[in-house]
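K.L.:
Build the 3D model from these lines:
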Amino acid sequence: MESTRTGRIEVKIVETMDEMTKVLAVRAAVCLGELQWPFHEYMDGNDFTATQLIATVDGEPAGTMRIRYFGDFAKPEWLVVLERFRRGRFGSRGVAYALGSHAFSFCRKKGFTRIYGHAASDLEALWRKIAGDGVRRLADSVATGESKGSIVPLIADYEPSHGAAGLSTLAHQEGHLLFTRSEAKLDRELSEVA
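P.N.:
Numbers count the residues shown, from 1 in each chain. Got it, this is the predicted structure:
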């Protein structure tokens, strides 16, 4: 059934346990319910060491994504959207695009110029649409896990983002306080600088 909703998408970084519960509920509905993945693949132990994003459509939880950080790259992952929010555009692009765009933007605000990710083979085009120019495959599709099927490892390189968090930020008045902020507050503050 095609959706006719044209609701407003909002994407934000999770700040509360209520929001985290929504993230886990959306992921469980898609991964355990719809896709019927084994629980051990769904719960990989990294949810409390990652930045979590929640997307809502008119206030209703619609999708999630998380970001993990490594030495010189960031890794957006676990992009999931509830089935009923996949069909409509919900604005100009859709929930998956809004989540991915927010994740990539936040990574760049944090100073990451390299973003690495895995895309399901049938979603490689979406990843490329979100990531923009400079995306390249690291290898051909590879099989993974019991249920995830074939994935494509991709990498995107960017120029440094204007106003990105980094050691140069420390030189600004009260710049050191930027690094004591929650991820959500950091996202808001860096948005004001960019």
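K.L.:
For this protein, which segments count as strands?
P.N.:
9-13, 51-57, 60-70, 73-81, 114-120, 135-137, 142-143, 150-157 (DSSP state E).
K.L.:
okay, those strands in JSON lines with distance to Ala164, mean pLDDT and mean neighbour count next?
P.N.:
C-betas here are computed from N, CA, C, even on glycine. Below are the strands of the chain laid out as JSON lines (distance: least, CB to CB, whole Å; pLDDT from 0 to 100; neighbours: other CB atoms under 10 Å):
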{"stretch": "strand 9-13", "distance to Ala164": "16", "mean pLDDT": "95", "mean neighbour count": "19"}
{"stretch": "strand 51-57", "distance to Ala164": "15", "mean pLDDT": "96", "mean neighbour count": "24"}
{"stretch": "strand 60-70", "distance to Ala164": "13", "mean pLDDT": "96", "mean neighbour count": "20"}
{"stretch": "strand 73-81", "distance to Ala164": "12", "mean pLDDT": "94", "mean neighbour count": "21"}
{"stretch": "strand 114-120", "distance to Ala164": "13", "mean pLDDT": "88", "mean neighbour count": "20"}
{"stretch": "strand 135-137", "distance to Ala164": "20", "mean pLDDT": "86", "mean neighbour count": "14"}
{"stretch": "strand 142-143", "distance to Ala164": "32", "mean pLDDT": "64", "mean neighbour count": "10"}
{"stretch": "strand 150-157", "distance to Ala164": "15", "mean pLDDT": "86", "mean neighbour count": "17"}
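K.L.:
These: which one's closest to Ala28?
P.N.:
strand 73-81 (9.5 Å; CB to CB).
K.L.:
and the angle from the closest one to strand 114-120?
P.N.:
Interaxial angle of strand 73-81 relative to strand 114-120 (axes from the mean of the first three to the mean of the last three CA atoms, to 10 degrees): 30 degrees.
K.L.:
so what does strand 73-81 touch, helix or strand wise?
P.N.:
helix 17-27, strand 60-70, helix 95-109, strand 114-120 (3 or more CB pairs under 8 Å, 6 or more residues apart in numbering; DSSP states H and E).
K.L.:
packing partners for the third one?
P.N.:
In terms of contact count using 3+ CB pairs under 8 Å, 6+ apart, helix 95-109 is assigned the packing partners strand 9-13, strand 51-57, strand 60-70, strand 73-81, helix 124-131, helix 183-193.
K.L.:
among the strands of the chain, which is nearest Trp37?
P.N.:
strand 73-81 (10.8 Å).
K.L.:
ok, back up a step: any chance of TSV for the strands of the chain, columns distance to Tyr97?
P.N.:
Output for these, formatted as TSV (distance: least, CB to CB, whole Å):
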stretch	distance to Tyr97
strand 9-13	9
strand 51-57	10
strand 60-70	10
strand 73-81	10
strand 114-120	14
strand 135-137	15
strand 142-143	25
strand 150-157	15
